[in-house]
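J.: sequence and predicted structure, then a few things I'm wondering about:
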Amino acid sequence: MSAGSARPAAPAPEVVLAADGLTKHFPVRARGRALLSRTRPSLRAVDDVSLTLRRGQVTALVGESGSGKSTVARLLAQLHQQTAGSIRLHGEPVSARGGRRFRAYSRRVQLIFQDPFASLNPVHTVRYHLTRALKIHGRAGESRKDLEDALADLLTRVRLTPPERYLDKFPHELSGGQRQRVAIARALGADPEVLLADEPVSMLDVSIRLGVLNLLRDLKERLHLAILYITHDIASARYFADDTVVMYAGQVVEGGDSETVTQRPAHPYTQLLIDSAPDPDRLAGADSGTREAGTGEPPSLITPPPGCRFHPRCPHAMARCRTEAPPPLAIGDSPGHFAACWLYDEARQP
Amino acid sequence: MSYLLKRIAFYLFTAWAAITINFFVPRLIPGDPVQALITKARGQLTAEAVQSLYVLFGLDSEASLLDQYVRYLGQLLRGDLGLSFTFFPSPVAEVIGDSLPWTLGLVGITTVVGFLIGTGLGTVAGWRRGSWVDLVIPVTTFLSSIPYFWLGLIAITLLTGPGSFFPASGAHDTGLVPSWDWEFVGSVLQHGLLPAATILISCMSGWILSMRNMMVTVAAEDYVTVAHAKGLSERRVMVSYAARNALLPNVSGLALSLGFIVGGTLLVEIVFSYPGLGLQLFQAVGAKDYPLMQGIFLIITLSVLLANFLADVAYLVLDPRTRREG
Amino acid sequence: MAVPTTELAATAPQPAPVSPGRRRRLRFAANPKAATGLVILGGFVLLAIIGPWIAPHDPSLRGTDLLQPPSAAHWFGTTHLGQDIFSQVLAGTRSVVVVGFVAGIVSTALSILVGVTSGYLSGAGGESLSALSNVFLVIPALPLIVIIASALPGTDNLTIALVIGLTSWAWGARVLRAQTLSLRRRDYVQAARATGESTWRIILFEIMPNLAAVIASGFISTVIFAVTSEITLAFIGVGDTSTWNWGTILFWAQSQQALAQGAWWWFVPAGLAIALLGTALSLVNFGIDELVSPRLRGNGGTTARTEDGHRVRMRVGFTPVLGSGRKDDPARRQRGSTAASVSERGADHARSRASRPAVRDDAVLEIRGLDVDYGLGDAAVHAVRDVHLTLRRGEVLGLAGESGSGKSTLAYGLTRLLPPPGVVAGGEVLYHPERGEPVDVLRMSPAQLRRFRWAETAIVFQGAMNSLNPVHKVSTQLMDVIKAHDPTSSRADRRDRARELLALVGIAEDRLDSYPHQLSGGMRQRVMIGMALALQPRVVIMDEPTTALDVVIQRQILRQLTELRERLGFSVLFITHDLSLLVEFSDRIAVMYGGRIVEQAASADLYRRALHPYSDGLLHSFPALRGPRRELTGIPGSPPDLRAMPTGCAFHPRCPRAFEPCAQRVPVLGMPRARQGEDRAGDDRAGNDRAGGDHAVACWLHPVQDTRF
Amino acid sequence: MRLGRPVTLVVAAAVALTGLAACGSGGARQQNTAGVLTVGMPNGPQTENNNPFLTSSAASSLGYRRLIYEPLAMVNDVKVTEPFKPWLASAWEWSDNYRTLVLTIRDNVTFSDGKPLTAEDVAFTFQLLRDHPSLNIDAVPYRDIAASGNQVTLGFAESQFVRQKKIFEQFVVPKHIWSAIPDPTTDTVKNPIGSGPYVLKSFTPQAATVVLRDRYWQDLPQVKEVRYTSYSDNNAQTTALATGACEWSFTFIPNYQAVYTSKDPEHFKLWFPPVLGIHGLWFNTQRAPFDNPVLRRAVNLVVNRDDIFNQGEAGYFYPKVDNITGIPTPAGDSFIAPEYQDRTVTVDVEGARKLLTDSGFTFSGDTLNDPTGQPVTLTMTVPSGWSDYVTDLEIIKDNLAAIGITATVDKTNQDTWTKALDTGDFQAALHWSENGTTPYDIYRSIMDGALVKPIGTGGVNGNYGRFDNPEATQALADYANAADDTARAAAMHALQRIHVEQMPVVITSAANAGGEYSTKNWTGWPDEQNPYAPVQTTWENALDVVMHLRPAA
């Protein structure tokens, strides 16, 4: 894969994967003894989400649990079929239903799971996991030696060296960080263009999170991968991602380059998120100066509030917020920074 | 209550499936009630009887299997289970009516009692691991590995006989006619003791074991630790926190394994000559009495379904998570 | 969204629920129940193979000794035809074993086919297969088998086995379906899909291997059922009486009324053989159960022996304390004979206690030299080593550490809530009541401990969902703790108090009669905090109370907690892996690594001048939201395994500044020589009297001058 | 047996409870001696069904119909030479070579509802049988039935000599009740009204109780109450006998000395006299090599009847038949041709071998080869659960080995077995014949060419061995229709000769008419010394037996 440098200089690198108006409603099924309700509503996990992943860039998707960010990852990986909206890979609409087409798609778009303790099959060795990834995507080579080389190469890439020390280990013989590296190596086995990393470090111990994040960044730079980094930790988005998109209750509320979004949050929810994040510089007792955090909780996605979904918790809520859902509105401070909030409606701007 | 409706739909479907299996299995396979009757008599009936019995049972004309099936379903809808061959012309419903109360009494009560005692012992065994209670498991496992009938026969040999308190067979003193007087009820209890004890010994171990395992699992739950941390009495932690939650899977287990339990307990009736459905089924099988076999099998299945439903309701009551408002 | 499970679960030396073949087989064989079962089972299988050859007689051969009791010539006696019963039992073993295994294989194959398929395929196909197995499940199997078997033209063993197999697969299918449903949602199955694996490969190579134990267990259950059914059929004369099996023997015995004739020998061997085989199979199944869920294993809660022979009763809710000295300790009474070694231990602790400074008079809880182990004797894993920690009145003491550092074990150990096989191996936990002498929590009798708990020390656990009993209303759970400690209170009073407590944590009183599942995660944790304050304890231990929550909710709850603490004046021992949170929220911080406290200081002090390379590394692992974006490195390597702790300083393999003594000797926690004066000066300047000047560290880079810690 | 404590408690509580109850019922159980006779049958739970015509009814199965309904005459199967004992028919007259029967009906007989029993009722009963073939279980070809005064005249198309017993044993039902029953074949007759001395008092699935009427045409029997208990199987029945809970039964008791009589040798008796019906090894006479009578006769010579009697039939159940004609003795002594009177069969291996080698069979080592050189093997089929038959066959198998025949016992399911016999799809099997008052019924079962159907076709109901010998068929017809006793005797002797020469069935045992009884409370039972009736509980003679019972001193 030749680097994007061959192209004429552009303001932003090439868009690899783009989602437009992505929507996923899960039918709420009466499963087992659980459900007694008469109607069959659906859970609006993701509503009208658009984002773009660019070559050699990390886009962070930040949100609380239940905000739909993992569902977006699974939609992009085509593990779920979207209810509405489209996904384009290099501008081509994606329809990955069916085994062969899905396999072709998964060769280019790979998903890394949150929990390395769960995403590796406990009964298989590292070798098995990686060999399968290579074989499925036809990269195992002709001979046994090709395969061994490819395996060693994968492990070296994720800095599990020497490779032979790890190849025949079972997942439970590895530490969390090592497992996540194996999971990344498996994803790399397909030689993808896009990595969808769903909270890749949240299950890891603090001291080893950075190692994994740094590895991902390194891979991005060396392999020009487009990476979607899903996290609930907005501070790590600032550290790791080029762009950041914030989700709330299944919808995108703000987006822009990471530094802008974290340093000058526009949407009241982003502000709340940033104020709530632990900050060692704000020592005990120094809490009083921060904005008052709402006491509410995220809404039900089966019966979401009308208008802006954040309005029941928003300190700035206006009458309009209760009835009309705000579209993404550009914020002037940096290119591409937008927020879905009526506060930034042109008509209201002075 | 769509949950209940769903369950009821499932039960109806199962009942239909049982009826169908029940209808086809004996018919697809050769066998002849008249010949069975003659053979059983071993020369006490003349060969000439054969033809008269065919006429009597209405077996001289051959209807197609499908016709018979449709007719059978129609009869069932009217609550008519047909006439028994062995007790011709007694209606199957009457034969079953005579036996069902005994089975319900013996198997029903012992199953419930076995469940309660087993669960109770299992609770203690799971809670007090490392004490003498641990002995309960191997002992009951061994006891439950003994076939019901063998245990029953040994019990009959050892505990009955002239002058013994325990009668060897029957459901009540044969000189008594069923009535609700003290004498009869006492006789029924006396006759029921040994069969009941046999069933209890054999079936309890399963409950003990599953309850113990659930208790062990639940004892490690945070809310049990919290209950300890709260300084609640050990008894309350055990009963109200651990056992109450450990019970839930056991209740659904009870519902699901009733089919197995009932099957096994029927043998006890055979051994103790207890005039219940098991004994009747056994004899009907020997006599190729399809209508009776089908009727008994149907009733057993329906009883198990009903018990399942009751267990479902019990689960609904026991687990608040299944009772969702709105 | 998944969150780290309690650290405890990760710390306790429990094998992963499912782990690969070889180790598992070894462990399985080492399980005494499974081993016993396998040995007996092996014996039966051997007899099944060689039985007909080693039988002293032809089992059908009539002899002249009619109905003779056991003798040298006929070990189990003879039948009414003079047949040798011993030979019959031997010959019968084969058909019993064959029928059992064939039926087991048929049934298992069907249950795998139906269960796994219906579990993996969603939609109508899966649902209808599941309905099918549910139908077969409620249909009583044995009557059905009896009907079918009696109707079949030929009732040879194979037919019987097939009938049993075909009627008994439903249970297994149901279990497998449930397992498959849960496995299907596992990440590794999703990951295999995302990698592009085909469906059948996922079923065969990703799901099936993980079902092995369940399948094995189902297989054995079916074998038990098949053996019983076969024997039952033979006994009632429906089965195959032409070949010998134990049921046939019993059939003959019964038809010849052996028991009435007093020929017990005809009846007993076959019956006992059945019971023995059944028991053996059950034992193997127990072994499998214990393999699948390690909690069930015996050492989880039985009486165990220490290396010096002490018997220790592991008891839920009352972690045993080794080397405790009180006469009324029931554990103590059992081992009075080995007083010598006990006193030795006691002396050891007395020495270490003597070297400690006098307690500051504002201490509420004082931990001295606490050691906590998992398991006893050589197998013991030392999760907490020699921890000294003092919680002072009204302060928030943060305890930071990664998984496996022992921080939760410490909290559970000091409250004696550590589940088996945890034991407190030594030390003292002194509670300083407002009036009166300090009491050692570790020496309390169960009754004393029960009174002490919650009234003086309440605990808030990490998973609020799991901390509340799902089957009881919130009000019940709030009220029962009040009732337990104040049995005389009226119901109405308790209800009022419960209402007050909910109000305290900002929950509307109409939630009083809610069940836990009706509350959101944040609300549940508030309920737990409210419950913790029910008896106005002086100490609240919080184990990762907000880890499972979102940052916004976390902030709300912490703010509320701060307010409550200021109002009610209790002390908090706050345990978390999130050091940045602690720096902001607590007064003092102790950092744990490898079961020891490696650094302890006032929050601000630690943040500004972390002395231990580990603390420093941790602080530099958190990306900052504000300030310049700086390059972060994290800490290389992985946290240590408690079972294989590095020598010397546990951190040395990961330490960038490790030098010669680090791998040799364990550094002692204390105030570093070089820093002492500086510290005091700093304190004076800051005027921060609460944090004190006691910045202690256990690191060879900072040699300790005063080990007063 | 170790029980958990709660179990112990429950059991203890239940014991205490029933203990109290038992005290209350103690008096009731003592009444066994007060004029009560307890009868048992191992037939399992019953439903209330007192239709006397249906063998499936509880009344037939337990036998109490015999005490409620009475026959025209008592036939003593044990002593077939005795004349029938007049009962409801006080006299009768055959004419026209047993084609016409005039019955004189006894006066003063009343039904239990007080109505008199008349010739009308008798005629009605026969009409019922004629009009409902399904009730006419013995298939007696009734044609003309007329009642006049106290006489009933029955007219038949052919001689009824061999069916006399079946006609006279017919019980009589009241016309005034049965004519109102819409379908007598499906009525369960909840309130049975008969002319017998007992009426039904109570019915439970376990037991039926009949009590004495206050009025009867003979002296009232001493037994005030007869309690019929239905035990679930032979074991339960035997236990009841051994404990004295049951005083009269008909059941198979292996090792009866140990299990039964030794428990009270003074009182516990059993008497199993042979009747004219047999059990034996039937050959498929159309299949080689056993289509060769020589081979069948050789088998007859080596079968050890003593072992079969002692081991298979527990030394009493089916008495040994060792006369070469296969006619049970002493019941059939009078029918045996003079030349066969003393021809008892004993095991004679040498004789059998000689017989075989003389007829072209050869031995190679221990194996018998037929004249074509094929080794002789024999598969003997038996229902797997029939323990006595299985034992008998195991013995025969061993016996056959002595003459080089490799026999196997093929245990199969009962239906398969029945079907195999019916269609002739078997090599050999133990089976029975019908029984009657002459050996005719035996020979007809095993030799009647009129019954033969080709192999593969079912519905033979007799002659399962497909023995087709015109001479035998003719002799059977001659016997049934003979005009006089001399002709009958000739036909009978011819049949015996054919049997001895052809040996279609190796007859080993006789059917019995026996029972177990206790003399503890009642005496007067029939026995070897006083064989006034068979002692079967369900036969018509049961009434005669009960009439003979006297309380023990």
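T.: Structure's in. What do you need?
J.: ok, the residue in the stretch 301-450 of chain C that chain A sits nearest to - contacts?
T.: Here the residue of the stretch 301-450 of chain C nearest chain A is residue C:402; by CB to the nearest CB that distance is 4.1 Å. For every residue, glycine as well, the C-beta is placed using N, CA and C. Residue C:402 makes contacts with A:205-207, C:577, C:593, C:639, as judged by CB atoms under 8 Å, 6 or more residues apart in numbering or on different chains.
J.: can you lay out those as a markdown table showing pLDDT and distance to residue C:696?
T.: Below are the contacts of residue C:402 laid out as a markdown table (pLDDT from 0 to 100; distance: CB to CB, whole Å):
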| residue | pLDDT | distance to residue C:696 |
| --- | --- | --- |
| A:205 | 83 | 24 |
| A:206 | 82 | 22 |
| A:207 | 81 | 21 |
| C:577 | 86 | 21 |
| C:593 | 92 | 14 |
| C:639 | 82 | 22 |
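J.: does chain D sit close to stretch C:61-81?
T.: Yes. Counting by CB under 8 Å from any CB of the partner chain, chain D has neighbours in stretch C:61-81: C:62, C:66-67, C:80-81.
J.: mind listing the helices for the stretch 1-150 of chain D?
T.: With DSSP state H, counting those that start in this stretch, the ranges of helices along the stretch 1-150 of chain D come out as D:5-30, D:58-62, D:65-68, D:119-131.
J.: between those helices, which gets the lowest average pLDDT?
T.: Ranked by mean pLDDT, those bottom out at helix D:5-30, which scores a mean of 40.
J.: just the buried members of the residues of stretch C:61-81 next to chain D?
T.: Buried residues within these, defined by neighbour count using 16 or more other CB atoms under 10 Å in any protein chain shown: C:62, C:67, C:80-81.
J.: show the average pLDDT along stretch C:187-194.
T.: Averaged across stretch C:187-194, the pLDDT comes to 86.
J.: for residue C:541, helix, strand, or coil?
T.: With DSSP: H, G, I helix; E, B strand; the rest coil as the basis, residue C:541 sits in strand.
J.: quick check: it touching residue C:461?
T.: No. Residue C:541 is beyond contact range of residue C:461, at 9.2 Å (criterion: CB atoms under 8 Å).
J.: burial check on residue B:162, number of neighbours?
T.: Residue B:162: 10 surrounding residues under other CB atoms under 10 Å in any protein chain shown.
J.: residues contacting the closest residue in space to it that isn't next to it in sequence?
T.: Leaving aside its sequence neighbours, residue B:162 sits nearest to residue D:243 (CB to CB, 6 or more residues apart in numbering or on different chains; 4.7 Å). Counting by CB under 8 Å, 6+ apart, residue D:243 makes contact with B:161-162, B:168, D:263.
J.: re earlier: and the buried ones among the residues of stretch C:61-81 next to chain D, which two are the farthest apart?
T.: Farthest apart among these by CB to CB are C:62 and C:67. That separation is 12.0 Å.
J.: what sits in contact with each of those two?
T.: Any residue near both residue C:62 and residue C:67 by CB under 8 Å, 6+ apart counts here, and that gives residue C:82.
J.: got the contact list for residue C:572?
T.: By CB under 8 Å, 6+ apart, the contact list for residue C:572 reads C:395-397, C:539-542, C:561, C:565, C:586.
J.: could you redo those as JSON lines and give each row distance to residue C:207, pLDDT and neighbour count?
T.: Converted to JSON lines, those look like this (distance: CB to CB, whole Å; pLDDT from 0 to 100; neighbours: other CB atoms under 10 Å in any protein chain shown):
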{"residue": "C:395", "distance to residue C:207": "52", "pLDDT": "91", "neighbour count": "20"}
{"residue": "C:396", "distance to residue C:207": "47", "pLDDT": "92", "neighbour count": "25"}
{"residue": "C:397", "distance to residue C:207": "47", "pLDDT": "93", "neighbour count": "24"}
{"residue": "C:539", "distance to residue C:207": "48", "pLDDT": "92", "neighbour count": "21"}
{"residue": "C:540", "distance to residue C:207": "44", "pLDDT": "93", "neighbour count": "23"}
{"residue": "C:541", "distance to residue C:207": "41", "pLDDT": "92", "neighbour count": "29"}
{"residue": "C:542", "distance to residue C:207": "39", "pLDDT": "91", "neighbour count": "26"}
{"residue": "C:561", "distance to residue C:207": "44", "pLDDT": "87", "neighbour count": "24"}
{"residue": "C:565", "distance to residue C:207": "49", "pLDDT": "89", "neighbour count": "17"}
{"residue": "C:586", "distance to residue C:207": "46", "pLDDT": "89", "neighbour count": "23"}
